[in-house]
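Visitor: here you go, sequence then predicted model.
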Amino acid sequence: MPENLQHELQEALAQARGIFEDLHNLGVVSVPVADLPAKLPPCPPDVCGIDRGGTAVCRAETLDEVRADLGDCRRCPLCRDRKHIVFGVGNPHARVVFVGEAPGREEDEKGEPFVGEAGRLLDRILFAMGLAREDVYICNVEKCRPPGNRDPLPEEITACEPFLKRQLAAIEPEMIVTLGRFAAQTLLNDQTAISRQRGKWRQYQGIPLLPTYHPAFLLRNPAAKRDVWEDMKQVIKRLRETRSGG
Ligand code: URA
């Protein structure tokens, strides 16, 4: 090693030793390492990653880690007939997450949410908002298709819901838009009819959440598109207001 570099290294070590001695004299026995999150293990679900001494012991999970834990899920009977698990798509750092109900036939075929007729309508809604699928994150309450597109059963929602919550915790979006009654009722734990919930901002774990109608409902009831557009205008407004630096 060149002599000048060796000298610099010795000085840096002496300085570090001095800092640690000062801290020791002040009674400091541990130093939080919250600025090194990548080296920490992912927090287990529902566990806060700080120990009693205020030291970070784990960090937020990533979407990939949540997906890996879901694995080839067998937690409810929907696994029997599914072709693909439909985990979610889009930007892992999305400002807005759209949460639907459950995959239909086309989503089950492709392993991607909202790729059927309702999905094409959702794409058009996003486009009108000035957004693309890649800008947002799209997922569902249930990750597997209920047979014949029937409504999700409570036990299926119970099995799947923790993964939706972990996805939301990983993304930390600025807002959530729920599409249809199952997403709103699940995340808000509120069985109020979607017609009464829609268009009113709520909170999910401190994140603003706006319930609106499901695109499949709009296909059957085109007159309700007007309501959804009013709701989306609220989302656009908030996105503009909270845009960093603007
Ligand atoms: N309906 C949903 O709720 N989700 C999809 O992914 C497709 C249709």
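Guide: Yep, that arrived.
Visitor: what is the neighbour count of Ala94?
Guide: When neighbours are counted by other C-beta atoms under 10 Å, Ala94 registers 19. Heads up, the C-betas are built off the backbone N, CA and C, glycines and all.
Visitor: tell me the phi and psi of Glu61?
Guide: Taking degrees, to the nearest 10, you get phi -70, psi 160 for the backbone angles of Glu61.
Visitor: begin at 8 from here
Guide: Happy to do that; since the first residue is 8 now, the last one works out to Glu68.
Visitor: wait, doesn't it sit right on Cys50?
Guide: Yes - in this structure, Glu68 is within contact of Cys50 by C-beta atoms under 8 Å, at 6.5 Å.
Visitor: for the ligand, what's the nearest residue on this protein?
Guide: In the chain, no residue comes nearer to the ligand than Gly107, which is 2.9 Å away by C-beta to the nearest ligand atom.
Visitor: centre-most residue in this structure?
Guide: Relative to the mean C-alpha position of the chain, the nearest C-alpha, by C-alpha atoms, centre = their mean, is the one of Leu175, at 2.2 Å.
Visitor: returning to that earlier point: the residue of the chain closest to the ligand against Gly123, yeah?
Guide: No - counting by C-beta under 8 Å, Gly123 is not a contact partner of Gly107; they are 11.0 Å apart.
Visitor: quick check: the gap between the residue nearest to the residue nearest to the centre of the chain when sequence neighbours are not counted and Asp234.
Guide: In this structure, Leu175 finds its nearest non-sequential neighbour in Val104, 6.3 Å apart by C-beta to C-beta, 6 or more residues apart in numbering. Spatial separation of Val104 from Asp234 under the definition C-beta to C-beta, to the nearest Å is 21 Å.
Visitor: check Gly213 too.
Guide: Separation of Gly213 from Asp234 (C-beta to C-beta) stands at 26 Å.
Visitor: neighbour count: those two, which is higher?
Guide: Here Gly213 and Asp234 are set side by side on neighbour count (other C-beta under 10 Å), and the busier one is Asp234, at 16 against 5.
Visitor: contacting residues around the residue nearest to Leu175?
Guide: For Val104, the contacting residues are Gly97, Val143, Tyr144, Ile145, Cys146, Gln174, Leu175, Ile178, Pro180, Met182, Ile183, Val184, taking C-beta atoms under 8 Å, 6 or more residues apart in numbering as the criterion.
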